[in-house]
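Coordinates only, no sequence provided:
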């Protein structure tokens, strides 16, 4: 699978928030996006998720535009902002509900995902009782639970403790092995250097630099 | 009123659309309609602009949200109608009874108010501003009710006749499709500070 962002420019109220972005991303790679707050990382992710539409340019999956069609995001696992989880449902019930939106049902798989993100012990606790870290784990779970080919993670380590960050690294590496395209935005350079195959540096809505990360594995 | 309401079905109809020269009474009578329009249109608009990416498809999300809110709207309308009918039965001692015509009135009431909601939604999506769309639409509708009695004007028709207005049915479908079309091309997902609520 190939994800292409072609000449993407987005202007809102005469302010250019994404400026002529060109990217080609392919399966089995982790792409890091590094930049200060407000540099345009999240906007770029929103653009790829078709939450915003381009003033100019296109987003293509395997050569097919997803901007000009009512594209079904089924192939994307998205963690951009806080998803609307129901506070009075448990973590498990929230995931189950999401699964049923797309007419799927597999409690075994949901339990597997819950275990993977480290929420087994609190899966029957209500979402409103979750700590910040638990909420973040549930957000990660919803982004990866449906075996999507493109995973977009915006600051996934927010609120996680050291052990949970290590676990997240393991999950992301596993996803890479499954030949998925993983997009990762972070303020933490060490995380990006450890995980990513290529890092893009964003400033004022422009990609100002990119770096291939050489690794021995 | 008693003269007008010789027929029980007509009495049922006037109980719902009671609009007299008494402004205070009109305001009391119209308040549930305004509240209904406000609550439902606000819910739909804010749910739509906070598109949940987990639904994966905007069209599906749009249909689900409109369907869900239509049920809430119907529930609110039913409660309002029942209160209005019972108020007229007990306070004004009018001969209201539930029959086929009152069923048609009930449908028309729900439909015409939902048409206003869809109109507000359409304008909100078009101008990216909910509150102005709501105020201008509601103000215009009540101005029209007070000044004209035209069967073909949406919502005003509710205060003219209890027959179903086919032109408004077509208008409803048109606005629904246009709103969906607009929604599919809208910038969503928390373009914070850039969207006017």
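Yep, that arrived. Everything quoted here is computed from the prediction, not taken from an experiment.

what's the longest helix anywhere in chain B packed up against?
Looking across chain B with DSSP state H, the single longest helix is helix B:58-90. Secondary-structure packing of helix B:58-90 (3 or more C-beta pairs under 8 Å, 6 or more residues apart in numbering or on different chains; DSSP states H and E): helix B:8-16, helix B:23-49, helix B:100-127, helix B:166-184. For glycine as for every other residue, the C-beta is placed from the backbone atoms N, C-alpha and C.

separation between the one residue sitting closest to the centre of chain B and residue B:41?
Centroid-nearest residue in chain B: residue B:113, 1.7 Å away (criterion: C-alpha atoms, centre = their mean). According to C-beta to C-beta, to the nearest Å, residue B:113 and residue B:41 sit 10 Å apart.

got a list of what residue B:63 touches?
Residues in contact with residue B:63 (C-beta atoms under 8 Å, 6 or more residues apart in numbering or on different chains) are residue B:180.

Need the per-residue pLDDT for it.
Note for residue B:63: predicted pLDDT of 92.

any idea which of the helices and strands packed on helix B:58-90 scores lowest on pLDDT?
The minimum mean pLDDT among the helices and strands packed on helix B:58-90 belongs to helix B:8-16 (a mean of 68).

So what's the residue count around residue A:58?
Residues lying near residue A:58 (other C-beta atoms under 10 Å in any protein chain shown) number 15.

which SS class is it?
Three-state assignment for residue A:58 (DSSP: H, G, I helix; E, B strand; the rest coil): strand.

Hmm, it is touching residue A:3, no?
No. With contact defined as C-beta atoms under 8 Å, residue A:58 and residue A:3 do not form a contacting pair (11.5 Å).

Name the helix or strand for the residue in chain A that chain B sits nearest to, please.
Closest to chain B within chain A is residue A:51: 3.2 Å, counting by C-beta to the nearest C-beta. If you go by DSSP states H and E, residue A:51 is not part of any helix or strand.

ok, it - contacts?
Counting by C-beta under 8 Å, 6+ apart, residue A:51 touches A:80, B:51, B:53, B:187-189.

Apart from its neighbours in sequence, what residue is nearest residue A:114?
Spatial nearest neighbour of residue A:114, excluding adjacent residues (C-beta to C-beta, 6 or more residues apart in numbering or on different chains): residue A:123 at 4.8 Å.

All the helices of chain A, in order from the start?
A:41-48, A:91-101, A:107-117, A:132-144, A:162-177, A:189-195.

Just want the angle from the fifth one to helix A:107-117.
Translated: helix A:162-177. 120 degrees (axes from the mean of the first three to the mean of the last three C-alpha atoms, to 10 degrees).

Helix A:162-177 - what's its average pLDDT?
Mean pLDDT, helix A:162-177: 92.

Would you mark the buried spots in it?
For helix A:162-177, the neighbour count (16 or more other C-beta atoms under 10 Å in any protein chain shown) marks A:164, A:167-168, A:171-172, A:175-176 as buried.

Quick check: residues of chain A near chain B?
Within reach of chain B by C-beta under 8 Å from any C-beta of the partner chain, chain A has these residues: A:12-13, A:46, A:49, A:51-53, A:70-74, A:76, A:78, A:80-81, A:83-84, A:98, A:101-102, A:142.

if we can go back for a sec, kindly reformat the buried residues of helix A:162-177 as TSV containing distance to residue A:138.
Formatted as TSV, the buried residues of helix A:162-177 follow (distance: C-beta to C-beta, whole Å):
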residue	distance to residue A:138
A:164	12
A:167	14
A:168	13
A:171	14
A:172	17
A:175	17
A:176	22
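
hang on, the earlier thing: and the residues of chain A next to chain B, which of them are buried?
Buried among the residues of chain A next to chain B by 16+ other C-beta under 10 Å: A:12, A:46, A:49, A:51-53, A:71, A:73, A:76, A:78, A:80-81, A:83, A:98, A:142.

got the buried residues for stretch B:129-141?
The neighbour-count check on stretch B:129-141 (16+ other C-beta under 10 Å) flags B:129-130, B:133-134, B:137-138, B:141 as buried.

Just the ones of the residues you listed in helices?
Those of these lying in helices (DSSP H): B:130, B:133-134, B:137-138, B:141.

Closest one to chain A out of those residues, please.
Of these, the one sitting nearest to chain A (C-beta to the nearest C-beta) turns out to be residue B:130, at 18.0 Å.

Please tell me how far the closest residue to the closest one other than its chain neighbours sits from chain A.
In this structure, residue B:130 finds its nearest non-sequential neighbour in residue B:124, 4.5 Å apart by C-beta to C-beta, 6+ apart. Plainly put, residue B:124 is 18 Å away from chain A if you go by C-beta to the nearest C-beta, to the nearest Å.

contacting residues for residue B:124?
By C-beta under 8 Å, 6+ apart, residue B:124 lies in contact with B:41, B:45, B:130, B:133-134.

okay if I get these as a markdown table plus distance to residue A:31?
Shown next, in a markdown table, are the contacts of residue B:124 (distance: C-beta to C-beta, whole Å):
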| residue | distance to residue A:31 |
| --- | --- |
| B:41 | 41 |
| B:45 | 35 |
| B:130 | 37 |
| B:133 | 40 |
| B:134 | 43 |
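
what's the closest of those residues to residue A:186?
Using C-beta to C-beta, residue B:45 comes nearest to residue A:186 of the contacts of residue B:124, at 33.7 Å.

thinking the closest one is in contact with residue B:121, fair?
Yes. Using C-beta under 8 Å, residue B:45 is in contact with residue B:121, at 5.9 Å.

count of residues packed around residue A:135?
18.

Go ahead and confirm it touches residue A:128.
No. Using C-beta under 8 Å, residue A:135 is not in contact with residue A:128, being 9.7 Å away.
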